[in-house]
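K.L.:
pasting the structure only:
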């Protein structure tokens, strides 16, 4: 990423490795030697795995790239997976969407007012409904009508994606299932918003299912996409109380409030380098 | 019920029937003719069914019983299922519990300070853990160790229940499944608290399931018990946010806060005659 | 309103008057005589005042206007304040805004996707920040730079408002105080969103106040505007948990999520004719 | 404290000092040298102050006391305020209460089932209402009827307190104001539960105030007690949605659910050594 060459004065470090004594000492020694003042450190251990995130202020500006080389020896010895980032990086999003517009509109609104530090590289949709929004805000839009053959369709999607620079694919109420092959082909994570409180109501028409079951809370779940549909690691969830008065249509409407908020929240946390997914769960730092 | 003979000056009416025009008019005419001033009326229609609850103040005290007779003709014509109750009735509970004590303790505490208008007729348990509590508060306690044969075990339970006067059976974290035969044998509703946000995590060890799935909210669900395990009409649900830091043990603890509150809430709503269960859902009046 | 002449088949009635026995009977008789099937009725009594809202389905379409005349005699006798509306009416909004854009963007987004049934008649602002948004969506925008004299400034605002047809004035994070004279001059209600959990943190910089006080929940409050600043009847409130990690800047950001949602919610409830304000409080029907 | 002499294998460290680079390194070096494996570390910096909490597993059991001596030199150099604790310590509570019983009952219930790791050393009340509860659970109870003179009354309270070993004074809906002199005389912190969402509704009858103001959420706040009434650092807050239907009496009831939960939560966090109060705010570690 180009951003690695820009000198920054606030740095974020994110890493995880097998647990053992002395890890915090080694890592903090590394940062102290570099003259970084740690302003926030969170460390968590679960199932014999050590997770850490820290933020540091540098005495003088430095590009990110050299840090990788200098930390490599320490990391190798720890068997650690790790990343360095500038404190506030702009995350580039590739949006996949369908007919429903509240999620794309929310992300665009938040981008415009700087509420999340993102840039929308492109929008790809199997419907034309969002096209006018993209046009109005000058965002590249690709309408890709569904073809019978999924593999071929996904190849077309990948061809479009390849034209853009992006850090994250966002399924903004995109209503088609992605194949394992597609997921393996892209090099970035994929975040989805599921319109139910997972693991309740997987699959089709979750609001109709919720109505039938008579639940008293309606929810939404943001999660990383994996091959197993609706089974990827959960990033955030929220609910709103509902009563018997709510029709399916009203459940959908009130649910859309949570969907758009939780999707934006997941992207915020991702862009702040606060999420580590590991073995089906996520660590979401505060 | 004896309470039907005591004159009261505030009355609650609860009913449901097939929808058609003019029902509110007919019902309110009936109450106006009786000189009752309506202080709260809620009416809801769904799936061609008319639901109503109203509270009225009477000019002079009257026992409940005669109202049934006087309303019978109107009700027959409407094909209505209905109940009359005094405004604040004391609900008599038969508690079934097991080893976990936070729910029984909560209900006893609320009973003691008048927070819910109930009386605990008896406690029956397959474990002795709750016995000392029952003793301390002078409540009849029956320890019924589990026998191999469910039918026989349930007959013993029914024998005990028959000795008491109760309006509602409460499963206060009772950990055994009741047979359809048992449910059919008792003449009152049964309310259960499920330690998960239904329909998520039905069955065993919901907190361990929740940990594995990495959910970010922990919930509990109060519901009427039907033959289909964990499928009865939901009365109330609530959740508490949790993070990756929470162990299974901590999920259980924090979950118990919701369990006891939602169970108490369901009993409160039931004792206020605010719940109608119909075709797998509940109407819970405000 | 023109809408009074369009025949509709679903009608909403909203009224309040001094309490006395027989009111529901009289009102439901009126609707029964008109052949309306009531699908939802909510009645509430507090402080000797009777509040009612009902929805009815008509056998054949009818305009709203004649209902007023026909109900007048009943209403006079009850000393009732009342309104008839078509079930889903489109509410026309006049937006007042300043520099902050999340609220106007939210209302426009919800209008575009039909999430709230409104039309934005005009936007008036003391800053130019929102102008590009108005342009992009083809909404009339009036930039009115602040003049030294409030009375004169408000006259200019009233002049602009007079050019438009609107049912409700919405202060979408408009940062100037309206005089009692202004409020008396407009003929519609005014709804404001206060960026704090009222009555906490009235006045300036509520997020800085909240940070200093170290609160653990951040909130917002939608309310009707009255002469007493921040004292108008509350329509809705909500909160989000925050921790010590949140800077004032982050409190503002997360608070803006609640502000935009609660403002939209208040407008939704208003457009559904579900709010009655009376003596400093509101009845918000379900 | 006696607990300082018992060897433990899990240790908690809590500290704060002026911020500067290298603090985490120094602290983690100290723990690494002692052979402690850190399992959770949270560090936060605000307003030029460095806050840290960590948990470590020791290779072999050790009493807490010697750690103080060994860390003293490091701490002096950092100008740090700090504490060492065993991972799960039993916190001894002195309860002050009045007529309302839901808070004392909640704390006793949670103590009995091990939900919070506390012991109630004594109960002191200006009313006799709680006496039977104390008796039933074998807890020392002191009824201290209010005398005209506050100073004299508080001296009697202090005399009683001096007979007991306690780590924390808990005002469990104790309805009298403590003087600055009293607060200075006791050597432990004091935690109170305020029955409103502070800073709203300070002073008398918060539920009546809330009803008048027509708020749509009811809350409670746990906080440390300082000389300034209702102004101490907030530990936790929560709310429950309410509607216009709720009478003052019902607001009190539903509010008591939050009061008892938040008070228990504050005690839990305190007993886990997760709270640092500093300059009017608290850091509450996760």
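P.N.:
Looks like it arrived, so ask away. Treat the numbers as computed from the prediction; the structure is a model and nothing was measured. Numbering: from 1, shown residues only, chains lettered A, B, ... in the order given.
K.L.:
just the residues of chain A that are near chain B, which are they?
P.N.:
A:44, A:46, A:197-201, A:212-217, A:219, A:233-239, A:243-245, A:280-284, A:286 (Cβ under 8 Å from any Cβ of the partner chain). C-betas here are computed from N, CA, C, even on glycine.
K.L.:
Got a quick ChimeraX command for the buried subset of those residues?
P.N.:
Per 16 or more other Cβ atoms under 10 Å in any protein chain shown, the buried members of the residues of chain A next to chain B correspond to this ChimeraX selection:
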select /A:44,46,197,198,199,200,201,213,214,215,216,217,219,233,234,235,236,237,238,239,244,245,281,282,283,284,286
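K.L.:
Name the nearest residue to residue A:52, sequence neighbours excluded.
P.N.:
For residue A:52, ignoring the flanking residues on the chain, the nearest one in space by Cβ to Cβ, 6 or more residues apart in numbering or on different chains is residue A:43 at 4.7 Å.
K.L.:
Which helix or strand contains the one you found?
P.N.:
Element membership for residue A:43 (DSSP states H and E) is strand A:36-46.
K.L.:
Residue A:158 too?
P.N.:
Residue A:158 belongs to helix A:150-162 when assigned by DSSP H and E.
K.L.:
Heading C-terminal from that helix, find the next helix or strand.
P.N.:
Next element after helix A:150-162 (DSSP H and E): strand A:168-171.
K.L.:
quick one: whichever helix or strand comes after that next one to chain centroid distance?
P.N.:
Toward the C-terminal end, the helix or strand that comes next after strand A:168-171 (DSSP H and E) is helix A:180-185. Centre-to-centre, helix A:180-185 and its host chain are 17 Å apart (Cα atoms, centre = their mean, to the nearest Å).
K.L.:
Name the residues of helix A:180-185 that come out as buried.
P.N.:
Applying 16+ other Cβ under 10 Å to helix A:180-185 flags A:182, A:183 as buried.
K.L.:
what's the average pLDDT for that helix?
P.N.:
Averaged over helix A:180-185, pLDDT sits at 96.
K.L.:
quick one: average pLDDT of the helix or strand just after it?
P.N.:
The helix or strand immediately downstream of helix A:180-185 is strand A:190-194, counting by DSSP H and E. Averaged across strand A:190-194, pLDDT comes to 97.
K.L.:
can stretch A:213-225 be found next to chain D?
P.N.:
No - Stretch A:213-225 stays clear of chain D (Cβ under 8 Å from any Cβ), getting no nearer than 12.2 Å.
K.L.:
list the helices and strands the strand holding residue A:43 packs on?
P.N.:
Helices and strands touching strand A:36-46, as assessed by 3 or more Cβ pairs under 8 Å, 6 or more residues apart in numbering or on different chains; DSSP states H and E, comprise helix A:23-33, strand A:49-62, helix D:23-33, strand D:36-46.
K.L.:
give me that answer again for 6 Å
P.N.:
Applying 3 or more Cβ pairs under 6 Å, 6 or more residues apart in numbering or on different chains; DSSP states H and E, we find strand A:36-46 packed against strand A:49-62, strand D:36-46.
K.L.:
So residue A:10: helix, strand or coil?
P.N.:
strand (DSSP: H, G, I helix; E, B strand; the rest coil).
K.L.:
Please look at it and residue A:87 and confirm they touch.
P.N.:
Yes - Residue A:10 lies in contact with residue A:87 (Cβ atoms under 6 Å); the separation is 3.4 Å.
K.L.:
What's the separation between the residue nearest to residue A:52 and residue A:285?
P.N.:
Using Cβ to Cβ, to the nearest Å, residue A:43 is found at 10 Å from residue A:285.
K.L.:
So between the two, which is more surrounded?
P.N.:
Higher neighbour count among residue A:43 and residue A:285: residue A:285, with 27 against 24, using other Cβ atoms under 10 Å in any protein chain shown.
K.L.:
For the residue lying closest to residue A:39 once chain neighbours are set aside, give the beta-bridge partners.
P.N.:
Of all residues not flanking residue A:39 in the chain, residue D:45 sits nearest, at 4.5 Å (Cβ to Cβ, 6+ apart). Following DSSP bridges, residue D:45 is listed with bridge partners residue D:50.
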